[in-house]
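[1] sequence unknown, structure follows:
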């Protein structure tokens, strides 16, 4: 059965990636690795990690990567997003950080980075760095459930795995509903729509990652080099 | 006080004149227009100039935007390649006809118009290209209104007038975070909100040939959907004489629901 590891926010840290790979090799049954973006950052040279992601070593669980917020900024700044530049990065961190990001990644990696997708839909799950609305969308346990339903509805998935907030959580929609009354020239229509039984899962970032068992719907929140710190199976 | 909301005039002068006359007959002084002044129809300059002359507050529609920014609508605007080709022909025709002054006016239009807790947009608060259909997911519909900080959201774009009230809503959630022993639970009570689609003045697609618009009776907070007959033949003749695709005249004269819309209401234009 499908058992996934979901990681994000490596930010150029090859040692951390190798530690997570060692953890996964010691974890029974994990057969797929998803990397939900932010593999680069301006804080260090990212070339070694990018090489490793593109050319896995023997024994590595092969990474399935999507792009994250930092990749989006780099691709925008280097002309891969039309007229847009790294405006969000420039606005929040300044010109120096834009320059540092450009220095952190060899341009030879741009071809691979630009090939990465916005997200994956696997089984009935959406896997995205931010959300279906925006790469920078930070979904947290405090985010309005109305917004979470919208993000799930846009992808038409039952579970949305997100990384942008860097938090590890599982939020389940458990009940409720809404009345809809439509009046048009052809008549009126009333409907009660229940809240769909869906979940949003924050997978963490950096050393904090998540294991998901699709068969049992179990979520385990882990830290690289440590044992499981929590599990989110059905909330007992 | 009453307030009229019109949308999707689509360069149909006869329909625009008839609707404005209907509004005038009722003594309504305040009108808001939700855009798409041009496209499909044969009198783009005349319609834009009429709106300018009447000084009607107007937000920019997707056709108004495309005439200014170039034809770059994403595929969600057209359900088929045939419809897309027709749309492109109409775009080129309109672009050639429209005066620079009127293009500048369209370029100056805001994305939204707000009056206290009423928000006026062409498609949705997210995009001029997003369709808020009457049967779209009720929670997603409420999110569009709530996220924009409005009580009532006036939109157009679908060419089908409706009033949708979303009420009595609640959402219960369970949250478990890493490192916490137990899950926490909470319940969100949702506010009552309303979406009003003003239909279309110049390109009705609600199953009838008549132009549609809405009146907001502010004292009672009631919404009235109006249908107005106009000289369809005059517009159809101008479409054919002007060299636009004849199917545009055919669908006006038949009032057929010729749905030029995305199949997926939840799809959001990403361009």
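    Sure thing, it's come through. Computed from a predicted structure; not experimentally measured.
[2] would you map the helices across the stretch 1-150 of chain B?
    Assigned by DSSP state H, counting those that start in this stretch, the stretch 1-150 of chain B shows helices spanning B:13-25, B:44-54, B:62-69, B:81-97, B:100-107, B:138-147.
[3] quickly list what residue 5 is bridged to.
    By default, I'm working from chain A. Beta-bridge partners recorded for residue A:5 (DSSP bridges): residue A:33, residue A:211.
[4] chain B is the one I meant
    With DSSP bridges as the rule, residue B:5 is bridged to residue B:32, residue B:214.
[5] which of the helices of the stretch 1-150 of chain B is buried the deepest?
    Stretch with highest mean neighbour count among those: helix B:138-147 (a mean of 23; mean count of other CB atoms under 10 Å in any protein chain shown). No exception for glycine: its C-beta is placed from N, CA and C like everyone else's.
[6] right, and the helix or strand after that helix?
    Next in sequence after helix B:138-147, counting helices and strands by DSSP states H and E, comes strand B:152-155.
[7] how about the helices of the stretch 1-150 of chain B, which one is nearest chain A?
    Nearest of the helices of the stretch 1-150 of chain B to chain A, taken as CB to the nearest CB: helix B:138-147 at 4.1 Å.
[8] roughly how far apart are the residue most central in space within chain A and residue A:54?
    Central residue of chain A (CA atoms, centre = their mean): residue A:129, 3.0 Å from the mean position. Separation of residue A:129 from residue A:54 (CB to CB, to the nearest Å): 19 Å.
[9] and what of residue A:64?
    12 Å.
[10] look at those two and report which has more neighbours.
    residue A:64 (17 against 13; other CB atoms under 10 Å in any protein chain shown).
[11] could you find the closest non-adjacent residue to that one?
    Of all residues beyond its chain neighbours, the one nearest residue A:64 is residue A:34 (5.1 Å), with distances taken as CB to CB, 6 or more residues apart in numbering or on different chains.
[12] so the one you found touches residue A:2, yeah?
    No - applying CB atoms under 8 Å, one finds residue A:34 not in contact with residue A:2, separated by 11.1 Å.
[13] flag the shaky bits of chain A, pLDDT-wise.
    Across chain A, the ranges flagged by pLDDT under 70 are A:227-236.
[14] let's go with 80 and repeat that
    Scanning chain A for pLDDT under 80 picks out A:1, A:83, A:227-236.
[15] show me where it has helices.
    Along chain A, counting by DSSP state H, helices occupy A:14-25, A:47-54, A:69-77, A:87-93, A:95-104, A:110-115, A:145-155.
[16] and the longest one, is it in reach of chain B?
    No - for helix A:14-25 and chain B, the contact criterion (CB under 8 Å from any CB of the partner chain) is not met; the two come no nearer than 15.5 Å.
[17] which helices and strands does that helix pack with?
    strand A:3-7, helix A:47-54 (3 or more CB pairs under 8 Å, 6 or more residues apart in numbering or on different chains; DSSP states H and E).
[18] for that helix, buried residues please.
    For helix A:14-25, burial by neighbour count (16 or more other CB atoms under 10 Å in any protein chain shown) applies to A:14, A:16, A:17, A:20, A:21, A:23, A:24.
[19] which residues touch that helix?
    A:5, A:7, A:10, A:30, A:33, A:48-49, A:52-53, A:59-61, A:206-207, A:209, A:222, A:224-225 (CB atoms under 8 Å, 6 or more residues apart in numbering or on different chains).
[20] that one vs helix A:47-54, what angle?
    Interaxial angle of helix A:14-25 relative to helix A:47-54 (axes from the mean of the first three to the mean of the last three CA atoms, to 10 degrees): 30 degrees.
[21] helix A:14-25: how far from the chain's middle?
    Offset of helix A:14-25 from its chain centre (CA atoms, centre = their mean, to the nearest Å): 18 Å.
[22] could you list the low-confidence segments of chain B?
    In chain B (pLDDT under 80), the answer is B:69-87, B:255-271.
[23] what about the longest strand in it?
    If you go by DSSP state E, chain B has its longest strand at strand B:162-177.
[24] output the contacting helices and strands for whichever helix or strand comes after it.
    Sequence-wise, the next helix or strand downstream of strand B:162-177 (DSSP H and E) is strand B:184-189. When contacts are defined as 3+ CB pairs under 8 Å, 6+ apart, strand B:184-189 sits against strand A:168-184, strand B:162-177.
[25] does anything pack onto the following helix or strand past strand B:184-189? Which helices or strands?
    With elements assigned by DSSP H and E, the helix or strand that comes after strand B:184-189 is strand B:193-197. For strand B:193-197, the elements it packs on are helix B:138-147, strand B:152-155, strand B:162-177, strand B:211-217, judged by 3+ CB pairs under 8 Å, 6+ apart.
[26] could you redo the last one with a cut-off of 7 Å?
    helix B:138-147, strand B:152-155, strand B:162-177 (3 or more CB pairs under 7 Å, 6 or more residues apart in numbering or on different chains; DSSP states H and E).
[27] need the contact list for the nearest residue to residue A:125 once chain neighbours are set aside.
    Distances taken as CB to CB, 6+ apart place residue A:159 nearest to residue A:125, at 4.4 Å, with adjacent residues excluded. Residue A:159 sits next to A:124, A:125, A:198, A:199, A:201 when contact means CB atoms under 7 Å, 6 or more residues apart in numbering or on different chains.
[28] 8 Å - rerun?
    A:124, A:125, A:126, A:198, A:199, A:200, A:201.
[29] count the residues that sit near residue 163.
    All of this refers to chain A. So residue A:163, with other CB under 10 Å, has 32 neighbours.
[30] wrong one, I was asking about chain B
    Residue B:163, neighbours per other CB under 10 Å, totals 21.
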